[in-house]
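Chemist: sequence? don't have it. structure:
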């Protein structure tokens, strides 16, 4: 008698008669104690679309590689398709194997997800105990048999800090789970930010919303922020909250282990990689792996690494005059060309699209143009984008508040407006990475006008993580920047950081504001009462981290 294992709308038919089931997050398993057997059919069937491209493909034991584009046998419409990677029927399986099956979105929608459904079948040697969560469906070099983890959601629920949700705007449970509830194991396999990567290899509208590109990281980030708020409040029923927690644990384990154990992480990248962190940290928290927070954040911080704390060493090394094309553009020493006179300061534009005066940096209003030879200064009258028009400008005219004192041949640099670069404060850079010149630090400016600042949507997640007790020095800068960004007139009324507390839309387009609700209600409580002091006024990074670890 055959065994039919069903996960959502996908069914795997196996020749022999075996025990099977779903783990706590809904991932399928079958127990084959010894030997091998065969999967004789998988529905929906593999087929081709109107262009003759294979869709609804499956893979046996896909492995995370060293790049974001491994060969894949899921969908011929997408990048790196390899017919040799397709698992064709009958598929021989034994304990330790994992089969992943996709169901295509046809037609494919760019950045919205290429699949309507993804299912995983883990082949075990014995029945999975109740209360267990299967490990990652994606493998890595050196991985042996599938592992599972236990998490006591009931105990967590009864002992968690609970914040009142009166007046909060969260979606109906079914609408939230329509996006969050989709099984998504492929981030550990294809994680690039482009067309081939998580935006395509996540289920259709995993991020929810009716945005043009709902699977873009900022929209998934909005959903994850709202989910974390739900886990920190009493908005949903007990059963619903526990199921949300189980789903988040499932997502977190699917993404955590390929990142941690393959030693191949996800780097910073604009508005993209800001959504996997809360699920992973929550899963590590609930499965007793809090010691791995820092390991995970070191390997895969995503754009949470774009937040940083200003130290004196950072000011001395990066926010001071220099001649490097890979340090922050604003402080670069520039030899002036012929000057137009009056209040206009003409500066040279240096570098290319990969270094120098890249297009996502700014000279902010109030910046201080300073002559190296004698310290003569001039104050910038309004914010200017460096090379915003593309990589064709050779000079940029900057207007000062008064007559320019500068002439051809002067060497000048720009310093931040007074009071903007304080030791202990927090800031954000497009790709982070100042110490040791990691990343692309030339893109940093203290200007709030940097176009990518407003794309960050992690605020609900970071506040809720902290509120429910997930604390580690590795996420401290994100916490500090979020709080600073949401304070008005920081660093100044003329250059206020944009809010990163954003709403989220369900698939039908309804908008919910729980992230901002939670921030407005509890931000000061989370900081001042639970950390004892408002982190914004802390000026010592070592003291801050000491407080955080308490």
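Modeler: Perfect, thanks for sending it. No experiment lies behind these values; they were computed from the predicted model shown.
Chemist: how near is the closest residue to residue 46 other than its chain neighbours to residue 214?
Modeler: The shortest distance from residue 46 to any non-neighbouring residue, by C-beta to C-beta, 6 or more residues apart in numbering, is to residue 56 (4.9 Å). C-beta here means a position set from N, CA and C on the backbone, and glycine is covered the same way. The gap separating residue 56 from residue 214 is 22 Å, by C-beta to C-beta, to the nearest Å.
Chemist: burial measure for residue 34, as a count.
Modeler: 7 (other C-beta atoms under 10 Å).
Chemist: show me what contacts the residue nearest to the spatial centre of the chain?
Modeler: With distances taken as C-alpha atoms, centre = their mean, residue 274 lies nearest the centre of the chain, 1.7 Å away. Residues near residue 274 by C-beta atoms under 8 Å, 6 or more residues apart in numbering: 217-218, 221, 302-304, 456-458.
Chemist: hang on, residue 187 in a helix?
Modeler: Yes: when DSSP: H, G, I helix; E, B strand; the rest coil is applied, residue 187 is found to be in a helix.
Chemist: surely it and residue 257 touch.
Modeler: No: assessed by C-beta atoms under 8 Å, residue 187 is found out of contact with residue 257, at 11.4 Å.
Chemist: quick one: the helices in the stretch 151-300 of the chain?
Modeler: Applying DSSP state H, counting those that start in this stretch to the stretch 151-300 of the chain gives helices spanning 153-159, 173-180, 198-201, 217-231, 238-262, 276-286, 293-299.
Chemist: now for those helices, which one comes closest to residue 139?
Modeler: helix 238-262 (7.6 Å; C-beta to C-beta).
Chemist: between that closest one and helix 217-231, how big is the angle?
Modeler: Interaxial angle, helix 238-262 versus helix 217-231 (axes from the mean of the first three to the mean of the last three C-alpha atoms, to 10 degrees): 130 degrees.
Chemist: and the closest residue to residue 225 other than its chain neighbours, what's its pLDDT?
Modeler: What sits nearest to residue 225 in space, not counting adjacent residues and going by C-beta to C-beta, 6+ apart, is residue 460, at 3.0 Å. Looking at residue 460, its pLDDT is 88.
Chemist: am I right that residue 460 falls within a helix?
Modeler: Yes: the assignment for residue 460 by three-state DSSP puts it in a helix.
Chemist: contacting residues around residue 369?
Modeler: Contacts of residue 369 by C-beta under 8 Å, 6+ apart are 345, 377-380, 398, 400, 406, 412-414.
Chemist: try 10 Å this time
Modeler: Residues in contact with residue 369, defined by C-beta atoms under 10 Å, 6 or more residues apart in numbering, are 334, 336, 345, 347, 363, 376-380, 398, 400, 404-406, 410, 412-415.
Chemist: sec struct for it, please.
Modeler: strand.
Chemist: repeat that for the one 10 residues further on.
Modeler: Counting by three-state DSSP, the backbone at residue 379 sits in strand.
Chemist: what residue, apart from its backbone neighbours, is nearest it spatially?
Modeler: residue 401 (4.6 Å).
Chemist: what number of residues lie near the one you found?
Modeler: Neighbour tally, residue 401, other C-beta under 10 Å: 12.
Chemist: phi first, then psi, for it.
Modeler: phi -70, psi -20 (degrees, to the nearest 10).
Chemist: does it really touch residue 344, like I thought?
Modeler: No: between residue 401 and residue 344 there is no contact, the gap being 11.9 Å when judged by C-beta atoms under 10 Å.
Chemist: would you confirm that the residue nearest to residue 46 contacts residue 75?
Modeler: Yes: here residue 56 reaches residue 75: they are 8.2 Å apart, a contact under C-beta under 10 Å.
Chemist: identify the contacts common to these two.
Modeler: Going by C-beta under 10 Å, 6+ apart, residues that sit against residue 56 and also against residue 75 are 49, 102, 104, 106, 115.
Chemist: quick one: residues contacting the residue nearest to residue 379.
Modeler: So residue 401 contacts 343, 365-366, 378-382 (C-beta under 10 Å, 6+ apart).
Chemist: how about 8 Å then?
Modeler: Counting by C-beta under 8 Å, 6+ apart, residue 401 has contacts 343, 378-381.
Chemist: name the nearest of those residues relative to residue 290.
Modeler: Nearest member of these to residue 290, counting by C-beta to C-beta, is residue 380, at 46.3 Å.
Chemist: related to what we said a few turns ago, mind putting the helices of the stretch 151-300 of the chain into a markdown table with distance to residue 11?
Modeler: Formatted as a markdown table, the helices of the stretch 151-300 of the chain follow (distance: least, C-beta to C-beta, whole Å):
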| stretch | distance to residue 11 |
| --- | --- |
| helix 153-159 | 28 |
| helix 173-180 | 22 |
| helix 198-201 | 22 |
| helix 217-231 | 28 |
| helix 238-262 | 20 |
| helix 276-286 | 27 |
| helix 293-299 | 34 |
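Chemist: quick one: closest of those helices to residue 141.
Modeler: helix 238-262 (6.8 Å).
Chemist: what comes up buried for that closest one?
Modeler: Neighbour counts using 16 or more other C-beta atoms under 10 Å place 240-262 of helix 238-262 among the buried residues.
Chemist: same question for stretch 296-307.
Modeler: 296-297, 299-307.
Chemist: return the distance of that stretch from the chain's centre.
Modeler: 8 Å (C-alpha atoms, centre = their mean, to the nearest Å).
Chemist: now do stretch 349-363
Modeler: That offset, for stretch 349-363, works out to 24 Å (C-alpha atoms, centre = their mean).
Chemist: and stretch 58-73, by the same measure?
Modeler: So, by C-alpha atoms, centre = their mean, the centroid of stretch 58-73 is 21 Å from its chain's centroid.
Chemist: what's the pLDDT at residue 344?
Modeler: For residue 344, pLDDT reads 98.
Chemist: apologies, that question was intended for residue 488.
Modeler: 82.
Chemist: report the contact partners of it.
Modeler: residue 496.
Chemist: state the distance from it to residue 169.
Modeler: In terms of C-beta to C-beta, residue 488 sits 22 Å off from residue 169.
Chemist: over to the residue nearest to the centre of the chain: give its phi and psi.
Modeler: phi -130, psi 20.
Chemist: once you drop chain neighbours, what's closest to it?
Modeler: residue 221 is the one closest to residue 274 (C-beta to C-beta, 6+ apart), at 4.3 Å.
Chemist: mind checking pLDDT for the residue lying closest to residue 47 once chain neighbours are set aside?
Modeler: Excluding its sequence neighbours, the residue lying closest to residue 47 (C-beta to C-beta, 6+ apart) is residue 56, at 5.7 Å. At residue 56, the model reports a pLDDT of 98.
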